[in-house]
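J.: What follows is a predicted protein model with its sequence.
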Amino acid sequence: MNTRHALVDGPLGRITLVASDDAVTGLYFAHHVRRPAREAFGPLANDPLLDSASAQLAEYLDGTRRAFDLPLNAIGDAFQHAVWSIVAEIPFGETTTYGAIAERLGDRALAYRVGQAVGANPLCIVVPCHRVVGANGKLTGYAGGLERKRALLELEESAQVGAGRLFW
């Protein structure tokens, strides 16, 4: 396995992009919850996949990209992959709740497990777990911190919605 990483500086701080073979496997903030050990990232590298991931991330963060077009390979169990697949379908500028994802999986009682799976998402931003909010619309948990979650949601909201929002 050819694991390597690139560092991207931007408005949310330094982000580490990790790739293994021909797929992106991780996107982590400096103080990311559940951030793997540095050794798991492999060497610092420049290659077409990491360059493309870096460019797409920069475009997303500057507001010129709404979706990513990258080969992905998140490591997780079957339940996590089911949750991440649903999260990947949340449209740009929209949110859903942990309970709604649990209902799509067939049992609203799975909401807590859904939250754990969302929190374990190794491809935050690309698999947009920031678009998952609490049942009451409140911002809850984000591996990169709630300020980053808020910033990502604000980046995606329309100007009309932003003008009417006073608080989360």
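T.: That came in fine, so what should we check first?
J.: how is this structure carved up into domains?
T.: As given by automatic domain parsing, the domain ranges for the chain are 3-61, 78-164.
J.: mind putting those domains in TSV, mean pLDDT, mean neighbour count and distance to Leu70 included?
T.: Yep, even glycine has a C-beta here, placed from its N, CA and C like the rest. TSV is the format used below for the domains of the chain (pLDDT from 0 to 100; neighbours: other Cβ atoms under 10 Å; distance: least, Cβ to Cβ, whole Å):
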stretch	mean pLDDT	mean neighbour count	distance to Leu70
domain 3-61	94	16	5
domain 78-164	91	17	7
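J.: what's the closest non-adjacent residue to Leu12?
T.: Arg148 (5.2 Å; Cβ to Cβ, 6 or more residues apart in numbering).
J.: For the helix or strand containing that neighbour, C-alpha coordinates in PDB please.
T.: Using DSSP states H and E, Arg148 falls within helix 146-156. Taking Å, rounded to 0.1, in the frame of the first residue of the first chain, the C-alpha atoms of helix 146-156 are listed here in PDB:
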ATOM      1  CA  LEU A 146     -18.000  23.300  16.100                       C
ATOM      2  CA  GLU A 147     -16.600  26.600  14.800                       C
ATOM      3  CA  ARG A 148     -15.400  24.800  11.600                       C
ATOM      4  CA  LYS A 149     -18.800  23.100  11.300                       C
ATOM      5  CA  ARG A 150     -20.500  26.500  11.500                       C
ATOM      6  CA  ALA A 151     -18.100  28.000   9.000                       C
ATOM      7  CA  LEU A 152     -18.700  25.200   6.500                       C
ATOM      8  CA  LEU A 153     -22.500  25.500   6.800                       C
ATOM      9  CA  GLU A 154     -22.200  29.300   6.400                       C
ATOM     10  CA  LEU A 155     -20.100  28.800   3.300                       C
ATOM     11  CA  GLU A 156     -22.900  26.700   1.800                       C
END
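J.: mind listing what the residue lying closest to Val133 once chain neighbours are set aside touches?
T.: Of all residues not flanking Val133 in the chain, Thr95 sits nearest, at 4.9 Å (Cβ to Cβ, 6+ apart). Residues near Thr95 by Cβ atoms under 8 Å, 6 or more residues apart in numbering: Arg131, Val132, Val133, Gly137, Leu153.
J.: re earlier: from what I see, the residue nearest to Leu12 and Ala30 are in contact.
T.: No - with contact defined as Cβ atoms under 8 Å, Arg148 does not count as touching Ala30 (10.7 Å).
J.: residues bridging contact with these two, i.e. touching both?
T.: Common neighbours of Arg148 and Ala30 are listed as Gly13 (criterion: Cβ under 8 Å, 6+ apart).
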